[in-house]
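J.: I need the structure of the sequence given here:
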Amino acid sequence: MSRLPGDPGPGGWLRFAFGFRLPPENVHWVRHELTDAGWRGRTVLRHLVVILPICAVLVIVLAILLPTPLWVSLTMVALILCGSTFTVAAYADDIRATRLRQHGLPVPNDPDLGRPAH
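T.: Coordinates of the predicted model:
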């Protein structure tokens, strides 16, 4: 896949995934990332990139600190992962609207929602 104009590269993508605002030269890439087809999937993917390392550290810390079988720690982390991923998927429209406003871009009015984006 060819790179889009204004593609921030891996470091900038990580900054964007963690919620930071990108410089103005990346505005076209941000618009593509948040409005083109597949934006919901990319939103969940960015969330997974942020939450999976946290979950891995949490499994290790729980396995060391809790005198329970490993499956208990893994189950706790699986619940955290499933719950947070579901929440991001459910509120993807609001997350997108916030990120678009953060970069000074207009928020599209999606008629499928039955309400304007916040």
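J.: longest helix in this structure, by residue count?
T.: The longest helix of the chain (DSSP state H) is helix 39-65.
J.: need the next SSE after that one, C-terminal direction.
T.: Proceeding N to C from helix 39-65, the next assigned helix or strand is helix 70-90, under DSSP states H and E.
J.: for the record, mean pLDDT for that next one?
T.: Rounded to a whole number, the mean pLDDT of helix 70-90 is 93.
J.: Can you give the distance of it from its chain's centre?
T.: Between the centre of helix 70-90 and the centre of its chain there are 15 Å (C-alpha atoms, centre = their mean, to the nearest Å).
J.: Output that helix as CSV, nothing but the C-alphas.
T.: This file holds the C-alpha atoms of helix 70-90, laid out as CSV (Å, rounded to 0.1, in the frame of the first residue of the first chain):
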residue,chain,number,x,y,z
LEU,A,70,-2.2,-18.0,36.0
TRP,A,71,-5.6,-18.6,34.5
VAL,A,72,-7.2,-16.2,37.0
SER,A,73,-4.8,-13.4,36.0
LEU,A,74,-5.5,-14.1,32.3
THR,A,75,-9.2,-14.1,32.8
MET,A,76,-9.1,-10.7,34.6
VAL,A,77,-7.0,-9.2,31.8
ALA,A,78,-9.3,-10.8,29.2
LEU,A,79,-12.3,-9.1,30.8
ILE,A,80,-10.4,-5.8,30.8
LEU,A,81,-9.5,-6.2,27.1
CYS,A,82,-13.0,-7.2,26.0
GLY,A,83,-14.7,-4.5,28.0
SER,A,84,-12.4,-1.7,26.8
THR,A,85,-12.6,-2.9,23.1
PHE,A,86,-16.4,-3.1,23.3
THR,A,87,-16.5,0.4,24.8
VAL,A,88,-14.2,1.9,22.0
ALA,A,89,-16.3,0.1,19.3
ALA,A,90,-19.6,1.4,20.8
